[in-house]
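Asker: take this sequence and fold it.
(one chain, ligands or ions: 1)
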Amino acid sequence: MDFKAAESFEGGVILKEVKNFELNHTFDCGQCFRWEKQKNGNYIGTVYGRVIELEKKDEDIIIYNTNMEDFNSLWINYFDLNRDYSSIKEELSKDPLLKEAVAYGHGIRILQQDPFEITLSFIISARNSIPIIMRTIKNLSRTYGKPIEYKGETYYAFPEIEELRGLEVTDYEACGASFRSKYLKDTVEKISNAEDIIKDMEQEKSHFIMDPEALEEVLKYDLNRIKELNDEECHTALQNFSGIGPKVADCIALFSMKKYSSFPVDVWVKRAMQFFYLAPDVSLPKIRIFGRNKFGELSGFAQQYLFYYARENNINIDDEPLVNNLSETSNPLEF
Ligand code: 8HG
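Answerer: Now for the predicted structure:
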């Protein structure tokens, strides 16, 4: 557990003696798109249909606009507060190269986000930049999500699936999703259909009239079921949706399904791996395999420190590599 105690006060909850949690590291490391930094350094986020504000004060973190009930039922898991990040960092820092990235992003925590929101968000992320991903998600939320008032401003929850059902490709395009719009429409339909059948099954209706193969074809898009699969099966199952390839599947699995052996390789992680491990210019899938073999169950965490380090420092593979003596690196890429 990475905090000592939680106490409620009028308007919020204060976490005492929090370890391994820097607001900018966690909210700006690429895993989430709905947190905005304020002029005073606080962050305001729209999460699970609520708006909360976080302030870091010395060792404590104050969560405004919430209560103890939500803290216990939502935020403790969302912020992954029961996990001891010191031991993860210690383990990863045994690698002299990763140590540098871990020290840089020492306050990163992997948020446990909502699978539906993260699935759509990372479909939007494909071949996109983070500011545009954020803007598209904001447009989608403003148009279809529920308004939430906070401090005289209106925020918008990420839309529920019912609010997106029936939308046309052009509706997503109007929010800025461009070529990904057809994937969003298709994904919303597939998830809704799975949910419908499950509801019917609970009421003992339609599964009697469906043959098992047709039933399986619909149910394979049930996000709850996908989340329960093991890491490999989950990664494969997510790619049944159109618009989801290995990289996007890894992000969804890591950021909303607790699959910590995921190793999403985008251009930043690729550059970081090349920079740190002097990798030859190999393909993304090969870097993924290398990363997973090297970091195992901690791959997702390692990836996040690397992504943050690479992006914040704008590292380029033409930069001087950190280590240029191959014999000193534990495991240079070999293919
Ligand atoms: O956290 C992330 N990890 C990786 N590997 N890729 C990410 C993360 N977040 C994020 O937006 N991306 C992708 O990187 C989306 C987009 O393709 C690019 C933006 O720099």
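Asker: quick check: residues of this structure near the ligand?
Answerer: The chain comes close to the ligand at residues 30-31, 125, 128-130, 133, 251, 264, 266, 268-269, 303, 307, as judged by CB under 6 Å from any ligand atom. (Glycine included, C-beta is placed from N, CA and C.)
Asker: ok, now which ones touch residue 180?
Answerer: By CB atoms under 8 Å, 6 or more residues apart in numbering, the contact set of residue 180 is 123-124, 126, 128, 172, 243.
Asker: what's the spacing between it and residue 125?
Answerer: Remark: distance between residue 180 and residue 125 (CB to CB, to the nearest Å) = 9 Å.
Asker: tell me how many other residues crowd the closest residue to the ligand within the stretch 1-150 of the chain.
Answerer: Per CB to the nearest ligand atom, residue 30 is where the stretch 1-150 of the chain lies closest to the ligand, at 3.2 Å. Close neighbours of residue 30, defined as other CB atoms under 10 Å, add up to 23.
Asker: where does it land in three-state SS?
Answerer: coil (DSSP: H, G, I helix; E, B strand; the rest coil).
Asker: that one contacts residue 131, correct?
Answerer: No: counting by CB atoms under 8 Å, residue 30 does not reach residue 131; the two are 11.9 Å apart.
Asker: circling back to that earlier point, JSON lines for the residues of the chain next to the ligand, including distance to residue 142, pLDDT and secondary structure?
Answerer: Listed next are the residues of the chain next to the ligand as JSON lines, based on distance: CB to CB, whole Å; pLDDT from 0 to 100; DSSP: H, G, I helix; E, B strand; the rest coil:
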{"residue": "30", "distance to residue 142": "23", "pLDDT": "95", "secondary structure": "coil"}
{"residue": "31", "distance to residue 142": "22", "pLDDT": "98", "secondary structure": "coil"}
{"residue": "125", "distance to residue 142": "19", "pLDDT": "96", "secondary structure": "helix"}
{"residue": "128", "distance to residue 142": "18", "pLDDT": "94", "secondary structure": "coil"}
{"residue": "129", "distance to residue 142": "20", "pLDDT": "93", "secondary structure": "coil"}
{"residue": "130", "distance to residue 142": "18", "pLDDT": "94", "secondary structure": "helix"}
{"residue": "133", "distance to residue 142": "15", "pLDDT": "97", "secondary structure": "helix"}
{"residue": "251", "distance to residue 142": "23", "pLDDT": "98", "secondary structure": "helix"}
{"residue": "264", "distance to residue 142": "28", "pLDDT": "97", "secondary structure": "coil"}
{"residue": "266", "distance to residue 142": "27", "pLDDT": "91", "secondary structure": "coil"}
{"residue": "268", "distance to residue 142": "28", "pLDDT": "89", "secondary structure": "helix"}
{"residue": "269", "distance to residue 142": "31", "pLDDT": "91", "secondary structure": "helix"}
{"residue": "303", "distance to residue 142": "31", "pLDDT": "96", "secondary structure": "helix"}
{"residue": "307", "distance to residue 142": "28", "pLDDT": "95", "secondary structure": "helix"}
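Asker: max-length helix in this protein?
Answerer: Determined from DSSP state H, the single longest helix within the chain is helix 181-202.
Asker: and that helix, average pLDDT?
Answerer: What helix 181-202 shows for mean pLDDT is 95.
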